[in-house]
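Chemist: Quick one, what's the 3D model for this:
(one chain, ligands or ions: 3)
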Amino acid sequence: MNLVLLGPPGAGKGTQAKRLQDLRSLVQLSTGDMLRAAVAAGTELGRQAGELMEQGQLVPDALVIGLIAESMDEGKGGAGFILDGFPRTIGQAEALNTLLQSRGEKVDRVVVIEVDDDALVARITGRFTCATCGEGYHELFKLPKVEGVCDVCGGTKFSRRADDTEEVVRERLKAYHAQTEPLIGYYKAQDKVSAVDGMADIETVQKEIDQALDGA
Ligand code: AP5
Ligand code: MG
Ligand code: ZN
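Modeler: Ligands and ions are numbered 1, 2, ... in the order given. Below you'll find the model as predicted:
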């Protein structure tokens, strides 16, 4: 099963993708994570993408489509993919169809995680991750059990994303409403959309997604 997780910045796409990956043996493909890895590695692609990401704007379609095509070629995703943060434009959605078709597959379900804009700003500006294993935390909603120590790996260094300031989050939200939200109608026309209430707690959202997939 190939699943697209659609939703605004901070909706919980990454959080839920990680859980689904473990539950359903699917492979998470996050273009945001791939782009941040390219920025950290200092590649030419990373340099081009990094400037746009810091401004909260989308990077060009060709760039992210190339990244997704490469990851799919690596032979991963036996049971299917969870697409987290891709597609984000109609052009990307069409490229995804073509890529999946060449594997004899398709997008099976699109889960839209719905959250109010104001809640998103609070979520994103409070977010931090373990610098060692990448586990995600939040100042208000999900602190490590022992202060300053990662629950998963015991690491003591944490990091924050360069684009997680309030100003940039507002730009990311604008880009979402203008360029990505139209995908909901695009996939509704194919009868593939399940909407879940992303304002509920993480466990409840996970259960709702699970039900949407079982009913698919
Ligand atoms: P990307 O990395 O995809 O960021 P995003 O879409 O802005 O979304 P986030 O990763 O910030 O949020 P999320 O939905 O994953 O939420 P999370 O689970 O972390 O993209 C970054 C940039 O890269 C883009 O701006 C663009 O420049 C570029 N880019 C990426 N893909 C692209 C593409 N396809 N095309 C063009 N450009 C692209 O949760 C957020 C926080 O809330 C966490 O702290 C979490 O613990 C907490 N939380 C989660 N769920 C809940 C809940 N139910 N209740 C309370 N707290 C919760
Ligand atoms: Mg994410
Ligand atoms: Zn850790």
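
Chemist: quick one: is stretch 24-43 near ligand 1?
Modeler: Yes - with CB under 6 Å from any ligand atom as the criterion, ligand 1 is reached by stretch 24-43 at Thr31, Gly32, Leu35. For the C-beta atoms, the positions are set from N, CA and C on the backbone; glycine is no exception.

Chemist: Kindly list the main-chain dihedrals of the residue nearest to the spatial centre of the chain?
Modeler: The centroid of the chain falls nearest to Asp84 when counting by CA atoms, centre = their mean (3.2 Å). Backbone torsions for Asp84, taken as degrees, to the nearest 10, come to phi -110, psi 110.

Chemist: quick one: contacts for Gly32?
Modeler: Gly32 makes contacts with Gly14, Asp84, Gly85, as judged by CB atoms under 8 Å, 6 or more residues apart in numbering.

Chemist: would you turn these into CSV with pLDDT and distance to ligand 1?
Modeler: Formatted as CSV, the contacts of Gly32 follow (pLDDT from 0 to 100; distance: CB to the nearest ligand atom, whole Å):
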residue, pLDDT, distance to ligand 1
Gly14, 93, 3
Asp84, 98, 6
Gly85, 97, 3
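
Chemist: Hmm, Ala49 and Val39 touching each other?
Modeler: Yes - at 6.4 Å, Val39 counts as touching Ala49 under the criterion of CB atoms under 8 Å.

Chemist: quick one: which of the two has more around it?
Modeler: With neighbours defined as other CB atoms under 10 Å, Val39 and Ala49 compare such that Ala49 has more, 23 against 19.
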